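Student: give the three-dimensional model of this entry:
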Amino acid sequence: MLNPNLDDIQLTKEDYERYSRHLILPEVGLDGQKRLKASSVLCIGTGGLGSPLILYLAAAGVGRIGLVDFDVVDYSNLQRQIIHGTSWVNKPKIESAKNRILEINPHCQVDLYNTRLSSDNALKIFEPYDIVVDGTDNFPTRYLVNDACVLLNKPNVYGSIYRFEGQATVFNYEDGPNYRDLYPEPPPPGLVPSCAEGGVLGILPGIIGVIQATETIKIILGEGNTLSGRLLLYNSLEMTFRELKLRPNPVRPVIEKLIDYEEFCGIPDAQAAEAEQQAAISEMSVTDLKTLLDSGSNDYVLLDVRNPNEYEIAKIPGSVLIPLAEIENGAGVEKIRELVNGHKLIAHCKMGGRSAKALAILKDAGIEGTNVTGGILAWSREVDSSVPQY
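Tutor: The predicted structure follows:
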């Protein structure tokens, strides 16, 4: 529970009208609304999770909201990042978010940090705020947010999403567990696909983000039971909520300083291994592929390793679909061996990463091939603009 000096906080006539539905709740009332006005919340990320939680925090009357993001609005964001609009495409997300916050509540102080959060700046950015809300989508930043909150003794309201499922909890609050109690060690790089690779139901971050906003407001008010010590799991397809108990690990490492979280999560080593892997595989540009296709040659097999639903969205003429998953489990390797049968193998995917991985597996099986740099997105940009971007 936060303890501001409520004698210094005054509500205006407009505040009484704006927050009337809060004021008549005994659990909020005048003191609770003053607490909200006196509070400060830092939101890491203004994307899928950040959008709904920021909107509701501003509407609820949180007096100061900090936004940390360095990205720009993209058309692909608009399916779920409801704080942004079409007119803000290619403009900074934090500017878009501030504009929307001030439309909802012009009396909210909005601080902007148009920067990548790092071990060098996290403590300085976090220090002025009462609560930190984690709306990020990658493991290095989640560990960074957690450790900075532990060092500064600030609550960390956590949420994450993937495809049709989400989870939420409150870390580092009232002697409760922190993120390292849930994930003592990060998963191997690439094991958990991003939303860009695996997709996400557009409504899902709205539900999890609103839960994060609810927990944040409860902490400010000092009312109700928070999710500290409980991990809430949500499945949108089954419309089920489950809980797992979380407890502090008595033998967890003591956090004494911020570290290199990219290194901690194995990112540099994974990138070096990927670069070495790609260096061993020949590549061709999409324009070279177009020249080959136009030549009328039939001495090649063009392999598409994306998923079937992606193939339905967009395809390169003449390509054969064998998903990466089939190649990884071995079933697709023999199919490709039969297809190639002395022909040149050319592989592509959405951006080039999955096809490079597929070709590395095939190379180990004695099948050489060439990767299409940039995949079908590059094909759409540089060769055929009628092919949809997704």
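
Student: contacting residues around the residue nearest to the spatial centre of the chain?
Tutor: Nearest to the mean C-alpha position of the chain, by C-alpha atoms, centre = their mean, lies Asp137 at 2.5 Å. For Asp137, the contacting residues are 45, 47-48, 160-161, 194-195, by C-beta atoms under 8 Å, 6 or more residues apart in numbering. (Glycine included, C-beta is placed from N, CA and C.)

Student: one more time with 10 Å, if that's ok
Tutor: 45, 47-49, 160-162, 192, 194-196, 200, 205 (C-beta atoms under 10 Å, 6 or more residues apart in numbering).

Student: can you give me the helices for the stretch 251-390 of the chain?
Tutor: Along the stretch 251-390 of the chain, counting by DSSP state H, counting those that start in this stretch, helices occupy 261-264, 267-279, 286-294, 308-313, 324-328, 331-340, 353-364, 375-382.

Student: how about the CA coordinates for the first one, as CSV?
Tutor: This file holds the C-alpha atoms of helix 261-264, laid out as CSV (Å, rounded to 0.1, in the frame of the first residue of the first chain):
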residue,chain,number,x,y,z
TYR,A,261,20.6,-9.2,-19.8
GLU,A,262,21.2,-10.0,-23.5
GLU,A,263,24.2,-12.1,-22.4
PHE,A,264,22.3,-13.6,-19.5
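
Student: tell me the average confidence for that helix?
Tutor: Averaging pLDDT along helix 261-264 yields 95.

Student: contact partners of it?
Tutor: Residues contacting helix 261-264 (C-beta under 10 Å, 6+ apart): 117-119, 122, 138-147, 185-186, 189, 267-271.

Student: can you rerun that using 7 Å?
Tutor: Outside helix 261-264, the residues that touch it by C-beta atoms under 7 Å, 6 or more residues apart in numbering are 119, 140, 143-144, 186, 268.

Student: how far out from the middle of the chain is stretch 136-152?
Tutor: 13 Å (C-alpha atoms, centre = their mean, to the nearest Å).

Student: quickly find the element holding Ser96.
Tutor: helix 93-104 (DSSP states H and E).

Student: for that helix, buried residues please.
Tutor: 93-101 (16 or more other C-beta atoms under 10 Å).

Student: out of the helices of the stretch 251-390 of the chain, flag the one nearest Leu11.
Tutor: Closest approach to Leu11 among the helices of the stretch 251-390 of the chain (C-beta to C-beta): helix 261-264, 41.4 Å.

Student: could you look up the SS state of Leu57?
Tutor: Under DSSP: H, G, I helix; E, B strand; the rest coil, the three-state class of Leu57 is helix.

Student: residues touching it, list them.
Tutor: Leu57 touches 41, 65, 213, 216, counting by C-beta under 7 Å, 6+ apart.

Student: among those residues, name the buried ones.
Tutor: Buried, going by 16+ other C-beta under 10 Å: 41, 65, 213, 216, out of the contacts of Leu57.

Student: of those, which belong to strands?
Tutor: Taking DSSP state E as the definition of strands, the buried ones among the contacts of Leu57 contribute 41, 65.

Student: make TSV from the buried ones among the contacts of Leu57 and add pLDDT to it.
Tutor: Formatted as TSV, the buried ones among the contacts of Leu57 follow (pLDDT from 0 to 100):
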residue	pLDDT
Val41	98
Ile65	98
Ala213	98
Thr216	98
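
Student: and which of the buried ones among the contacts of Leu57 is nearest Ser355?
Tutor: Ala213 (40.2 Å).

Student: wouldn't the closest one be in contact with Ile54 here?
Tutor: No - assessed by C-beta atoms under 7 Å, Ala213 is found out of contact with Ile54, at 8.1 Å.

Student: surely the residue nearest to the centre of the chain is in a helix?
Tutor: No - under the criterion used here (three-state DSSP), Asp137 is coil, not part of a helix.

Student: how's the chain carved up into domains?
Tutor: 39-268, 280-382 (automatic domain parsing).

Student: now render those domains as CSV, adding distance to Arg21.
Tutor: Converted to CSV, those look like this (distance: least, C-beta to C-beta, whole Å):
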stretch, distance to Arg21
domain 39-268, 10
domain 280-382, 43
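
Student: looking at those, spot the one closest to Pro4.
Tutor: Nearest to Pro4, of the domains of the chain and by C-beta to C-beta, is domain 39-268 at 7.3 Å.

Student: on that earlier part again, out of the contacts of helix 261-264, which are buried?
Tutor: 119, 140, 143-144, 186.

Student: who wins for most neighbours among the contacts of Asp137?
Tutor: Ranked by neighbour count (other C-beta atoms under 10 Å), these have Leu49 at the top, with 33 neighbours.

Student: ok, now which ones touch that one?
Tutor: By C-beta under 7 Å, 6+ apart, the neighbours of Leu49 are 135, 159, 161, 205, 208-209, 212.

Student: since that was my last question, I'll sign off now.
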